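> Sequence plus the predicted model coming up.
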Amino acid sequence: MDTHILTTSLIFLFSTLVIAWQLMCTAKHVTYITLADGRRQERSLPFLIRLVLPLAVMVPKFITQHEALEESRSRINRRLVSGGYEGLIQPAEVIALRFLMPLGIGGSLSLLLALVFQGMEGDMGQMIAQRQSVFYFLLIVLFGFYPDLWLKQAVRERHHQIERALPFVLDLLTLSVESGLDFMTGINRIISSRDVDPLGEELIRMFREIQVGRSRREALVNFAVRIDHADVRSLTNALVQADELGTGIGGALRIQADQIRTKRFQRAEKLGNEAPVKMLFPLVFFIFPSVFLILLGPVVLQMMARGGF
């Protein structure tokens, strides 16, 4: 009996070490994307995505590549391009993660929590046991939506970075064009003088497209489609219209820079007006109780010590 227990313990210890080693390797794994000019940029997927992604091949292709999911794959592909993860993960793999994450991570956590809750006694243990099925269901559903939530957040963060950089880039491009440089030279100087950020990545790609033979109109349209942001679409439409009419793009760039900067200030004012409402919950439930405990806590303790309560 002792030998059996020892063997089981050693197997469990070995399995735990293997899992821990795999988790450490997954956490340290770094992936890169290749920019249009050949440079490599670090771009890592979230830990949970990297942990489950190798298992995506287990999901049958007739599920992830079914014709009924063509629209979903196209939408996911647009988000991957807008979020900067093009080439790191495929739309079919994102669809596979919708099945794998709730079954893998959600199911594993549910099983682990079930073992923990079984050891609890008393009223709390009974209450949790009565509601654990609903809790497990919510946990599984949450991990089912996690790939889409992550992708939306990645697009939102990339758009936010582009919104911050776009007015300054337009100012530089306007000064370059109005000083006598052509559009391509101005873009090249901006790319060379700035650190590579999301907007810089897209400018490099647009610059390379024009270099390899695409027209400026096609490159601008592709630039707007990849980013998929209202300000960028407005900018590219103005530049395409100026190019078609044969007018100078310096005036169009200056007008667009002013409009985008005005929109940026309006967004900042909107966030500032929303701040008091967002602060109301932590103010009522955290700050006021903390002040109450700090100010009246010693008094209450003294009264309790004197038998006042």
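Received it, and whenever you're ready, just let me know what you need. Given the structure is predicted, the values throughout are model-derived calculations rather than measurements. Numbering: from 1, shown residues only.

> how near is residue 185 to residue 174?
14 Å (C-beta to C-beta, to the nearest Å). Any C-beta I mention is one placed from the backbone N, CA and C, and that applies to glycine too.

> Neighbour count: the two, which is higher?
For residue 185 versus residue 174, the count of surrounding residues by other C-beta atoms under 10 Å is larger for residue 174: 21 against 12.

> The residue nearest to the more buried one when sequence neighbours are not counted: which element?
In this structure, residue 174 finds its nearest non-sequential neighbour in residue 253, 4.3 Å apart by C-beta to C-beta, 6 or more residues apart in numbering. Element membership for residue 253, per DSSP states H and E: helix 249-282.

> mean confidence score for that helix?
The average pLDDT for helix 249-282 rounds to 81.

> And for the closest residue to residue 56 other than its chain neighbours, the neighbour number?
Leaving aside its sequence neighbours, residue 56 sits nearest to residue 96 (C-beta to C-beta, 6+ apart; 4.0 Å). Neighbours of residue 96 under the rule other C-beta under 10 Å: 24.

> Also residue 52?
For residue 52, the neighbour count with other C-beta under 10 Å is 22.

> Where does it sit: helix, strand or coil?
The three-state label given to residue 52 by DSSP: H, G, I helix; E, B strand; the rest coil is helix.

> so where does the nearest residue to it once chain neighbours are set aside fall, helix or strand?
Of all residues not flanking residue 52 in the chain, residue 100 sits nearest, at 5.0 Å (C-beta to C-beta, 6+ apart). Assessed by DSSP H and E, residue 100 sits inside helix 91-101.

> pLDDT of that helix, averaged?
Helix 91-101 shows a mean pLDDT of 87.

> go on, stretch 33-40?
Rounded mean pLDDT across stretch 33-40 is 80.

> I would like the residues contacting that stretch, please.
32, 41, 43, 84-88, 196, 201, 204-205, 207-209 (C-beta atoms under 8 Å, 6 or more residues apart in numbering).

> Could you tell me the end-to-end distance of it?
End-to-end distance for stretch 33-40, by C-alpha to C-alpha, to the nearest Å: 6 Å.

> What strand or helix carries residue 180?
Using DSSP H and E, no helix or strand contains residue 180.

> can you map out the strands along the stretch 151-300 of the chain?
Counting by DSSP state E, counting those that start in this stretch, no segments of the stretch 151-300 of the chain form strands.

> got any ranges where it has weak pLDDT?
288, 291-292, 297 (pLDDT under 70).

> so where do the helices sit in it?
183-193, 198-211, 216-227, 230-245, 249-282, 288-305 (DSSP state H, counting those that start in this stretch).

> of all those, which lies closest to residue 146?
Closest to residue 146 of the helices of the stretch 151-300 of the chain is helix 198-211 (C-beta to C-beta; 22.8 Å).

> the inter-axis angle of that closest one versus helix 230-245?
Angle of helix 198-211 versus helix 230-245, following axes from the mean of the first three to the mean of the last three C-alpha atoms, to 10 degrees, is 30 degrees.

> helices or strands next to helix 198-211 in the packing?
Here helix 198-211 is seen to pack against helix 122-178, helix 183-193, helix 216-227 when contacts are counted using 3 or more C-beta pairs under 8 Å, 6 or more residues apart in numbering; DSSP states H and E.

> how close does residue 231 sit to residue 265?
13 Å.

> who's more crowded, those two?
Comparing residue 231 with residue 265 by other C-beta under 10 Å, the one with more neighbours is residue 231, at 20 against 11.

> wait, what's in contact with the more buried one?
162-163, 166, 260, 263.

> and with 10 Å instead?
For residue 231, the contact set (C-beta atoms under 10 Å, 6 or more residues apart in numbering) comprises 159, 162-163, 166-167, 170, 224, 256, 259-260, 263-264.

> Among those, which pair sits farthest apart?
224 and 264 (18.2 Å).

> tally of neighbours for the residue found closest to residue 172 once you drop the neighbours it is linked to in the chain?
Excluding its sequence neighbours, the residue lying closest to residue 172 (C-beta to C-beta, 6+ apart) is residue 190, at 5.3 Å. Residue 190 has 19 neighbours, counted by other C-beta under 10 Å.

> go on, residue 50?
Residue 50: 17 surrounding residues under other C-beta under 10 Å.

> got it, and residue 199?
Neighbours of residue 199 using other C-beta under 10 Å come to 21.
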